[in-house]
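Undergrad: I'll drop the sequence and a predicted model, then ask my questions.
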Amino acid sequence: MKDLTTFTLSVIQELEDEGRFGTAHVYRSMLRAFQRYWESEHPKNEIRMRKVFDIATIHKFERHLLERMLKLNTMSTYLRMLRAVYNRALLAGLTDYVPGLFKHVYTGTRADVKRALPPAEMGQALDISASLHRELKEAQIWFALLFLLRGMPFADLARLRKCDFKDGVITYRRQKTGRQIRVHVTEEAAELIRRCADRRTDSPYLLNILGDENCRFPLGRREEYRHYQQVLRRFNRKLKLLAAALRLGRKLSS
């Protein structure tokens with residue numbers, strides 16, 4: 001367990017056992033990036049944690065990421081995930097404490113692209129009366145619900161259950177944090193929910209987003225997470241097409 005690969009894989013397995021597949025995916029991506037760096041510096045050598053968690057090594061890894069022309073936010077994510085592994089290894093007594101280990105590498109976040117729409121373009125994006133192809137209309141309705149339901153993340157919208165919507169209020173737990181949220185549903189949102197409701201009596205879902213007859217998996221399973229990722233990618237592709245169809249000045253994304 002003093003090998004970085006073995007320890008990180010154990011962390012990934014623990015996260016997956018808890019159903020935190022998104023977080024596990026980020027840890028796995030970081031590990032692959034570090035393995036590529038280590039192979040370039042120390043071919044065929046085991047990745048011992050006491051050698052990894054050294055100020056010089058952390059700086060070299062950051063430089064390696066920069067040389068690969070990664071975006072700053074991606075680089076920051078990998079360094080923060082490596083720091084999280086370091087903190088876990090420290091608690092487990094598998095490595096030594098190194099003061100200021102990550103102090104001089106970039107672990108911040110940067111808004112590279114302004115995603116906000118001007119009010120006029122947002123009005124166009126939310127205008128459900130616009131004449132659109134059926135699949136683009138569906139994507140527009142989902143997009144409008146994200147906005148009308150208090151900025152609800154798509155991961156939460158897709159997994160809403162019928163029992164979550166009662167007496168004009170949606171009560172649910174955030175997929176990411178587990179925090180309970182209550183959202184009062186406006187008349188406009190209620191109408192859109194009716195339009196894309198999952199009407200099958202044996203389906204737990206409120207909306208027909210993840211309710212594909214051939215792809216119905218229990219919540220929290222790896223297969224369900226992969227199916228959701230496929231749906232999310234299709235949704236974002238449709239939003240780009242929606243922006244083009246509405247002749248907006250910029251792209252839309254979830």
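TA: Yep, that arrived. What you see is a predicted model, and the numbers here were worked out from it, not measured in a lab.
Undergrad: my guess is residue 203 contacts residue 210, does it?
TA: No. Checked against CB atoms under 8 Å, the pair residue 203 and residue 210 is beyond contact range at 9.1 Å. All C-beta atoms are positioned from the backbone trio N, CA, C, and that covers glycine.
Undergrad: so which of those two has more stuff around it?
TA: Per other CB atoms under 10 Å, whichever of residue 203 and residue 210 has more neighbours is residue 210, with 21 against 17.
Undergrad: mind checking the SS state of the more buried one?
TA: Assigned state for residue 210: coil (three-state reduction, DSSP: H, G, I helix; E, B strand; the rest coil).
Undergrad: next one: it from residue 131, what distance?
TA: According to CB to CB, to the nearest Å, residue 210 and residue 131 sit 27 Å apart.
Undergrad: just the terminal-to-terminal distance for stretch 124-131.
TA: Counting by CA to CA, to the nearest Å, you get 12 Å between the two ends of stretch 124-131.
Undergrad: buried set for that stretch?
TA: 124-126 (16 or more other CB atoms under 10 Å).
Undergrad: how far away from the center of its chain is it?
TA: What separates the centre of stretch 124-131 from the centre of its chain is 27 Å, taken as CA atoms, centre = their mean, to the nearest Å.
Undergrad: repeat for stretch 74-92
TA: Worked out by CA atoms, centre = their mean, stretch 74-92 lies 18 Å from the chain centre.
Undergrad: ok, and what's touching that stretch?
TA: 1, 4, 7-8, 11, 26-27, 29-30, 33-34, 49, 52-53, 58, 61-62, 65-66, 70, 95, 97, 101-102, 105-110 (CB atoms under 8 Å, 6 or more residues apart in numbering).
Undergrad: one more pass at 6 Å, please.
TA: The contact list for stretch 74-92 (CB atoms under 6 Å, 6 or more residues apart in numbering) reads 7-8, 26-27, 30, 33, 49, 53, 65, 95, 102, 105-108.
Undergrad: got the phi and psi for residue 194?
TA: In terms of degrees, to the nearest 10, the main-chain angles of residue 194 are phi -60, psi -40.
Undergrad: look at it and say how many residues are nearby.
TA: 9.
Undergrad: what number of residues lie near residue 246?
TA: Neighbours of residue 246 (other CB under 10 Å): 16.
Undergrad: mark which of the contacts of stretch 74-92 are part of helices, please.
TA: Mapping the contacts of stretch 74-92 onto helices (DSSP state H) picks out 7-8, 26-27, 30, 33, 49, 65.
Undergrad: kindly reformat these as CSV containing neighbour count, pLDDT and distance to residue 86.
TA: Formatted as CSV, these follow (neighbours: other CB atoms under 10 Å; pLDDT from 0 to 100; distance: CB to CB, whole Å):
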residue, neighbour count, pLDDT, distance to residue 86
7, 20, 96, 10
8, 24, 97, 11
26, 17, 94, 15
27, 22, 97, 12
30, 22, 97, 11
33, 22, 97, 15
49, 23, 92, 8
65, 23, 95, 16
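Undergrad: let me know the closest of those residues to residue 239.
TA: residue 26 (23.0 Å; CB to CB).
Undergrad: can you list the residues that contact stretch 192-201?
TA: 141, 144-145, 205, 207-208, 211.
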